[in-house]
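>>> with the input below, show me the fold.
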Amino acid sequence: MSWFNRNKKASLGIDISGTTIKLLELIRTGNSYRVAHFSIVSLPPDSSSQKRLSTSVVADGIKRALKKSGSSLKQAVVAVTESAIMTKTLSLPASLTDDEMEEELIMTADQYLPYSLDDLNFDFEIQNINKNNPELVDLLLVASRRENVDDRIEALSLAGLKASIVDVEGYALENAFSILSTSFLNPDKDDHTIAIVDIGSTLTSLTILNNGKVIYTRSQSIGGKQLTEEIQRHYGLTYENAGLAKKQGGLPDNYQETILRPFQKSLIQQIQRSLQSFSSSSTSKNIDGIILAGGCASMIDLDRLIQSQLNMPVNIANPFLNMQLSKNVNAKSLYQDAPSLMLACGLALRGFDE
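Numbering: from 1, shown residues only. Got it, this is the predicted structure:
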């Protein structure tokens, strides 16, 4: 899904969260991709406590990310969160052109959406032929309040960039998933359902993909920031030093049992609740495996604990395994940060869409 679209040989994806800006530039050659630049920068510690991020704060973070990465591209792909969108599946005559479908939606959208079209940005995507009537097609209507989209566009503009595409995070993850190795899937099965668990700083998001398409999303208010704050309180560190200690090590011997394991237990319980919610939904399917993404995905033993607790394969996301790297890209740093760059990768891939 996109509100803006361009053809490109190089594409810049920027993942904007409440605590970080993650930037990734990809270059496409034929059917292969090369990582040209990437960077991750932190936003001010109090940013995630704000209900709505200041565009100037985001713009400053994007500027720093651009400078750190070395990218010189002037257009970028960004996304709005799942919580900021409304979706509706509709059926329209298959004989209509895209322009005619758009005109029809403009005339009838107020029947399906709780806001006036003047207050919304919307787009649609044809899904398939209607099962009950081959003369109809099912399409997915996606809308968001204009302020959600405009905030992203304005932040890019203040940073000297233009928004080439404004996507939705879940659909961007579809793109990233499409290039992940699926070697852990059963090759004898034609139908696969995968759960992507993205563990960020303040939110843990569950995205369920059936044969590569999003069928369910859910977010829980738990993430790495809570672990950092617990380290800060328990050991009397500053927030910044607690975050460094969490990533680089050096904490007392009792850290794992006293702080880490209780946090992981709580996190896994929240993941289980999200999966149970999916199981009780109308789109429920048996899940074949879990992919961990986000900044906390590589947390020590987390994949093993989830696999043991949920009794299903768990893999840590690395969408760059089959990509070439430019000489300026530090492979070790990229692979360490790969799980947290999953969304930025999906956004960069979106930029190559026609």
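>>> can you tell me, leaving aside adjacent residues, what's nearest to residue 162?
residue 75 (4.9 Å; C-beta to C-beta, 6 or more residues apart in numbering). All C-beta spots, glycine's among them, are computed from the backbone N, C-alpha and C.
>>> and what of residue 11?
residue 351 (2.9 Å).
>>> what's the local residue count around the one you found?
27 (other C-beta atoms under 10 Å).
>>> and if you look at residue 63?
The burial count for residue 63: 16, using other C-beta under 10 Å.
>>> ditto for the one 5 residues further on
Here the neighbour count serves as a burial measure; for residue 68 (other C-beta under 10 Å) it reads 15.
>>> for the remainder of this discussion, apply numbering that starts at 32.
Will do, 32 is the new start, and the previous item becomes residue 99.
>>> quick one: contacts for it?
70, 72 (C-beta atoms under 8 Å, 6 or more residues apart in numbering).
>>> does it lie in a helix or a strand, and which?
helix 86-100 (DSSP states H and E).
>>> can I assume residue 250 sits in a helix?
No. Per DSSP: H, G, I helix; E, B strand; the rest coil, residue 250 lies outside any helix segment and is strand.
>>> that one bridge partners, please.
Here residue 250 sits in beta bridges with residue 236, as judged by DSSP bridges.
>>> next secondary structure after the helix holding residue 99?
Assignment by DSSP H and E places the next element after helix 86-100 at strand 106-111.
>>> what is the mean pLDDT for that next one?
When pLDDT is averaged over strand 106-111, the result is 95.
>>> the next helix or strand after that strand pairs with which strands, and in what direction?
Note on strand 106-111: by DSSP H and E, the next helix or strand toward the C-terminus is strand 116-124. Using DSSP bridges, strand 116-124 pairs in its sheet with strand 167-176 (antiparallel).
>>> still on that earlier bit, now do the helix holding residue 99 against strand 106-111, angle only.
130 degrees (axes from the mean of the first three to the mean of the last three C-alpha atoms, to 10 degrees).
>>> quick one: buried residues of helix 86-100?
Neighbour-count burial for helix 86-100 flags 86, 88, 89, 90, 91, 92, 93, 94, 95, 96, 97, 100 (criterion: 16 or more other C-beta atoms under 10 Å).
>>> now that helix: mean pLDDT?
96.
>>> same question for stretch 167-184.
89.
>>> for it, which residues meet the burial criterion?
For stretch 167-184, by 16+ other C-beta under 10 Å, it's 167-177, 179-184.
>>> ok, residues contacting stretch 150-157?
Under C-beta under 8 Å, 6+ apart, the answer for stretch 150-157 is 32-34, 132-133, 136, 140, 144, 168-177, 179-180, 197.
>>> quick one: which helix or strand includes the closest residue to residue 207 other than its chain neighbours?
In space, residue 207 comes closest to residue 377 once its chain neighbours are excluded; the distance is 3.5 Å by C-beta to C-beta, 6+ apart. Per DSSP H and E, residue 377 falls inside helix 373-381.
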